[in-house]
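In: Here is a sequence with its predicted model. Questions after.
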Amino acid sequence: MALNAHLDIVMNWALATGTTLYSLVGTRVAKRRMPSSFKNTAKALCIHDETTSTEFEPEIVWGTYVFKCYGGTDDADDAAEVFRAVHARFHNKAGDITSGGIVRSTFVTGTLTYEPDTGWPVYIAKFEIGTQ
């Protein structure tokens, strides 16, 4: 399976309906970077793969995935709401999410920062995720 397909697995899991995350961002989930038309007027999420490796288990691709959480306003609390939904969706998940191709997902770090060009608050969350 191509490494791009593993990012697609994570993306699809983020887009699953019936979750708090989906209720906040809907289909406003971008791969690798936000589109140039993005104006931070609605809650949104951008996911990219920072690193991937098959070194230890050839059938599982382990990667560090970065989730950029936008709140749709200039208020950091709105970005934090998206961050909390991402955390709830992905942290310490195993077994119950294998149907989506994710075998393990663990939160690594999260921080509030501001986009340098726009000043928009964005929460950055990193997860170690194994996909199959």
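Out: Looks like it came in fine. Numbering: from 1, shown residues only.

In: Which residues outside the lengthiest helix in the chain are in contact with it?
Out: Longest helix of the chain, by residue count under DSSP state H: helix 76-90. Helix 76-90 has contacts (CB atoms under 8 Å, 6 or more residues apart in numbering) with 13-14, 19-21, 23-25, 43-45, 67, 69-72, 105, 107, 110, 112, 120-123, 125, 127, 129. The C-beta positions use only the backbone N, C-alpha and C, and glycine is treated the same way.

In: if we go to 7 Å?
Out: By CB atoms under 7 Å, 6 or more residues apart in numbering, the residues outside helix 76-90 that reach it are 14, 19-21, 24-25, 43, 45, 67, 69-72, 105, 107, 110, 112, 121-123, 125, 127.

In: So what's the model's average confidence on that helix?
Out: Mean per-residue pLDDT for helix 76-90: 97.

In: who are the neighbours of whatever helix or strand comes next after it, in terms of helices and strands?
Out: Using DSSP states H and E, the helix or strand that follows helix 76-90 in sequence is strand 93-94. Counting contacts by 3 or more CB pairs under 7 Å, 6 or more residues apart in numbering; DSSP states H and E, strand 93-94 is packed against strand 102-114.

In: Alpha carbons only: can I get the strand it packs on in PDB?
Out: Extracted in PDB, the C-alpha atoms of strand 102-114 (Å, rounded to 0.1, in the frame of the first residue of the first chain):
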ATOM      1  CA  ILE A 102      -5.900   2.100  12.200                       C
ATOM      2  CA  VAL A 103      -4.400  -0.400  14.600                       C
ATOM      3  CA  ARG A 104      -3.100   2.000  17.300                       C
ATOM      4  CA  SER A 105      -3.200   5.700  17.900                       C
ATOM      5  CA  THR A 106      -1.600   7.600  20.700                       C
ATOM      6  CA  PHE A 107      -1.400  11.300  21.500                       C
ATOM      7  CA  VAL A 108       2.200  12.700  21.500                       C
ATOM      8  CA  THR A 109       2.000  16.500  22.000                       C
ATOM      9  CA  GLY A 110      -0.200  19.500  21.500                       C
ATOM     10  CA  THR A 111       0.400  23.200  21.500                       C
ATOM     11  CA  LEU A 112      -1.300  26.400  20.700                       C
ATOM     12  CA  THR A 113       0.400  28.600  18.100                       C
ATOM     13  CA  TYR A 114      -0.600  31.300  15.700                       C
END
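
In: Thanks a lot, see you next time.
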